[in-house]
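K.L.:
I would like to see how this sequence folds:
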Amino acid sequence: MSKIKILVVEDESIVAKDIQNTLIRLGYDVPATASNAVSAYQKLEEHKPDLVFLDIKLKGEIDGIQIAEKIKHSYDIPVIFLTSFVDKPTLDRAKVTEPYGYIVKPFNESDLQTTVEMALYKFEKDQETKYNKERYENALLNLDEAIMILDINFGVTFLNPKAENMAGY
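P.N.:
Have a look, this model is predicted:
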């Protein structure tokens, strides 16, 4: 099995190098670091990482949260935020991107390792859930029987084509 490939996006070069060296020491492949959005997007395309460590506050117009939004929608790669900022507005903005971890600086080696392992495990489970949901939805859509799913207030949440025909939708 190949090593887990991690991209580090951090604008403080000393911190980026420290994270890179720590992750390599822990057995991960860290082929590159990036210090801004343009470099991050280029390295994402070039290296196709399995995970991204992303500083929230980066120099430039695009911050880490905006990069995380693009990663979520365009790449489907788990993101772990690195930050010195734990204020509520930053945390609220970050939560919307559904990160797989949020590490507050300063951190230690075990923080990195634990967070990587948990993030990768959760991402794998999320992928399995997504696959199973698509399979079951596809099965329900193709049944010859009418299927209607209601919520607890009896609101319709799903109709397959046969049920749509019967209900006149």
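K.L.:
now the helices for the chain?
P.N.:
13-25, 37-47, 64-74, 88-95, 109-141, 161-167 (DSSP state H).
K.L.:
now do the buried residues in the last one.
P.N.:
Translated: helix 161-167. Buried residues in helix 161-167, defined by neighbour count with 16 or more other CB atoms under 10 Å: 162-163. All C-beta spots, glycine's among them, are computed from the backbone N, C-alpha and C.
K.L.:
that one packs against which elements?
P.N.:
Other helices and strands packing on helix 161-167, by 3 or more CB pairs under 8 Å, 6 or more residues apart in numbering; DSSP states H and E, are absent; none qualifies.
K.L.:
identify the residues contacting stretch 147-164?
P.N.:
Stretch 147-164 is contacted by residues 140-146, 167, 169 when judged by CB atoms under 8 Å, 6 or more residues apart in numbering.
K.L.:
repeat that for 7 Å
P.N.:
With contacts defined as CB atoms under 7 Å, 6 or more residues apart in numbering, stretch 147-164 is touched by 140-141, 143-146, 167, 169.
K.L.:
any idea how many residues pack against residue 139?
P.N.:
If you count neighbours by other CB atoms under 10 Å, residue 139 ends up with 11.
K.L.:
want to throw the helices of the chain into JSON lines with distance to residue 102 and mean pLDDT?
P.N.:
As requested, the helices of the chain are exported to JSON lines (distance: least, CB to CB, whole Å; pLDDT from 0 to 100):
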{"stretch": "helix 13-25", "distance to residue 102": "15", "mean pLDDT": "95"}
{"stretch": "helix 37-47", "distance to residue 102": "18", "mean pLDDT": "96"}
{"stretch": "helix 64-74", "distance to residue 102": "11", "mean pLDDT": "95"}
{"stretch": "helix 88-95", "distance to residue 102": "7", "mean pLDDT": "92"}
{"stretch": "helix 109-141", "distance to residue 102": "8", "mean pLDDT": "93"}
{"stretch": "helix 161-167", "distance to residue 102": "42", "mean pLDDT": "88"}
